[in-house]
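[1] could you work out the structure for the sequence below:
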Amino acid sequence: MLRLTLLAAGAALALAAPTAAVAADSNPASGVCPLKVAGVPGGKLTAGVNIADADSTATRKARCGVVGRVVRTLVREGAEMPMKAAGYRCTPVIAGSRIRWTCVYRGGTPRTTVTLNFGYRVS
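    Numbering: from 1, shown residues only. Got it, this is the predicted structure:
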């Protein structure tokens, strides 16, 4: 019985861990940022965030506020070619009415990389 209880407790912790990482708005450290964005169908999208070194000062560039600024700039501009926004170099891949973006920021101390990925349909 004790072994079953510990197994259930371990499973509960394993399920709770990703939620805690996603909810950490100040430093997602390889998580996601749910965003409200005018100009996309449904008005919402999710941006994936990946930080190569979570101890770098570049983690401030991975906060959902900065990520939101990058995403909203690209959507507002209707960009369909490589563009810079808030220190990120962003490159689109266009397939029909869908645009998928990869944005990369390189910097911080120690030097590291922050990568954003998101996509949406053009209305």
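
[2] doesn't Thr73 belong to a helix?
    Yes: counting by DSSP: H, G, I helix; E, B strand; the rest coil, one finds Thr73 located in a helix.

[3] so what's it closest to, chain neighbours aside?
    Ala85 (4.2 Å; Cβ to Cβ, 6 or more residues apart in numbering). Using the backbone N, CA and C atoms, a C-beta is placed for each residue, glycine as well.

[4] what of Cys33?
    Cys64 (3.9 Å).

[5] now the helices for the protein?
    2-23, 64-77 (DSSP state H).

[6] out of the ones you listed, which gets the lowest mean score?
    Mean pLDDT is lowest for helix 2-23 out of the helices of the chain, coming in at a mean of 35.

[7] bridged to the residue nearest to Thr73, which residues?
    Tyr88 (DSSP bridges).

[8] state the number of residues packed around it.
    For Ala85, the count of nearby residues is 21 (other Cβ atoms under 10 Å).

[9] hmm, it is touching Val67, no?
    No: under the criterion of Cβ atoms under 8 Å, Ala85 is not in contact with Val67, lying 10.4 Å apart.

[10] buried residues, stretch 38-54. List them.
    40, 45, 47-49, 51, 53 (16 or more other Cβ atoms under 10 Å).
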